[in-house]
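J.: coords please:
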Amino acid sequence: MIIDIAAHCDIGCVRSNNEDMILVGGQKLRDRGLSCRVDIGAPDGRYVVAVADGMGGAAAGEWASDYALTRLDQAVASCPGGLAPSGVSDLLQAWGHTTHSGLLEEGRRDPSRAGMGTTAVGLFFTGTAAWRFHAGDSRLYRMRAGQLSCLTQDHSQRVAAGDALVPANLLLNSLGAAQESFLECAPVQGGLQAFDRYLITSDGLHDAVSDAMIAAALDADRDTALRILIKLARDAGGPDNISAVIVDIGRMPPQDAVKT
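T.: As a prediction, this is how the structure comes out:
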């Protein structure tokens, strides 16, 4: 099975540093993008695409997102091929746990990094199947047959202040930051189908751009859609770092297609 990927990690218009990071295969991206085509159809194939949005201020947030995706890349590279579903879940959960613990330990070791953390969201491909995973409020969307759906639920909430809502989200879960953390992971709902399009984003995109605008942008070809999405977020003020990854599923052998 072939997948085509376009990704870009943008600093936005306001912040002086970029705490986002993207992982595509073994490549980490910050303040740059890439486009590539990958064959992941081998039975023992494995490939990961992910976004991490660090927090903790300046170098701490940058360090946290880099650390999380470095450990994820190492975990995927060292895992055996042909993992059973339980093995995929175990691998992702172990990565989330050790990353969370490592971020807390680094914060204790270096007071300038105390309280740092990162969101994480991504797709882990194994042969012709895929698992989604996330912690925090970065998101995974899917465009299938012209319909956009969000496959993740934000681990955050709007904060009440009297009768009004504070115009920001309270993050309830992440890797690092707080003493407790959890990683949601599960097979992608409905499996993979030829011509599915997935979008992985940090909140710098989906907080600034409505789902309707995202859906309209995704009607374009892959590289054009990515440029439109980044531009829309920047035109909305770009108050946060902006990361977006588009993953297109190519033709699949008939026995691997999933009917819904």
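J.: so what strands line up beside the helix or strand containing Y141?
T.: Using DSSP states H and E, Y141 falls within strand 139-144. Strand 139-144 sits in its sheet next to strand 147-150 (antiparallel), strand 197-201 (antiparallel), going by DSSP bridges.
J.: Tell me which of the ones you listed is the most buried.
T.: Of the strands paired with strand 139-144, the one with the most neighbours on average (mean count of other Cβ atoms under 10 Å) is strand 197-201, at a mean of 25. Quick note: C-beta positions are derived from backbone N, CA and C, even for glycine.
J.: Which residues does it contact?
T.: By Cβ atoms under 8 Å, 6 or more residues apart in numbering, the residues outside strand 197-201 that reach it are 49-51, 121-123, 138-144, 214, 218, 222, 229, 243-249.
J.: One more pass at 7 Å, please.
T.: Here strand 197-201 makes contact (Cβ atoms under 7 Å, 6 or more residues apart in numbering) with 49, 51, 121-123, 138-143, 214, 218, 243-248.
J.: where's the closest residue to R108 other than its chain neighbours relative to H97, distance?
T.: Leaving aside its chain neighbours, R108 sits nearest to A114 (7.2 Å; criterion: Cβ to Cβ, 6 or more residues apart in numbering). According to Cβ to Cβ, to the nearest Å, A114 stands 20 Å off from H97.
J.: count of neighbours near the residue nearest to R108?
T.: Other residues within reach of A114 by the criterion other Cβ atoms under 10 Å amount to 14.
J.: now it: how far from A129?
T.: Where A129 is concerned, A114 sits at a distance of 39 Å (Cβ to Cβ).
J.: what is the rounded mean pLDDT of the strand holding Y141?
T.: In this model, strand 139-144 has a mean pLDDT of 98.
J.: Please report the residue range of the longest helix in the chain.
T.: As assigned by DSSP state H, the longest helix anywhere in the chain is helix 85-109.
J.: any residues touching that one, and which ones?
T.: Contact with helix 85-109 is made by 64, 67-68, 71-72, 75, 79, 83, 113-117, 124, 126, 131, 133, 135, 175-176, 181, 183, 185, 187, as judged by Cβ under 7 Å, 6+ apart.
J.: If we use 6 Å, what do you get?
T.: Residues external to helix 85-109 that are found in contact with it (Cβ atoms under 6 Å, 6 or more residues apart in numbering): 64, 68, 71-72, 75, 79, 113-114, 116, 131, 133, 175-176, 181, 183, 185.
J.: Stretch 67-81 now?
T.: If you take Cβ under 6 Å, 6+ apart as the criterion, stretch 67-81 is touched by 21, 23, 26, 28, 44, 46, 48, 52, 91, 95, 99, 118, 120, 175.
J.: Can you add secondary structure and distance to V38 and give these back as JSON lines?
T.: As requested, these are exported to JSON lines (DSSP: H, G, I helix; E, B strand; the rest coil; distance: Cβ to Cβ, whole Å):
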{"residue": "M21", "secondary structure": "strand", "distance to V38": "19"}
{"residue": "L23", "secondary structure": "strand", "distance to V38": "13"}
{"residue": "G26", "secondary structure": "coil", "distance to V38": "11"}
{"residue": "K28", "secondary structure": "strand", "distance to V38": "16"}
{"residue": "D44", "secondary structure": "coil", "distance to V38": "15"}
{"residue": "R46", "secondary structure": "strand", "distance to V38": "11"}
{"residue": "V48", "secondary structure": "strand", "distance to V38": "11"}
{"residue": "A52", "secondary structure": "strand", "distance to V38": "20"}
{"residue": "L91", "secondary structure": "helix", "distance to V38": "19"}
{"residue": "W95", "secondary structure": "helix", "distance to V38": "21"}
{"residue": "T99", "secondary structure": "helix", "distance to V38": "24"}
{"residue": "T118", "secondary structure": "strand", "distance to V38": "25"}
{"residue": "A120", "secondary structure": "strand", "distance to V38": "21"}
{"residue": "L175", "secondary structure": "strand", "distance to V38": "26"}
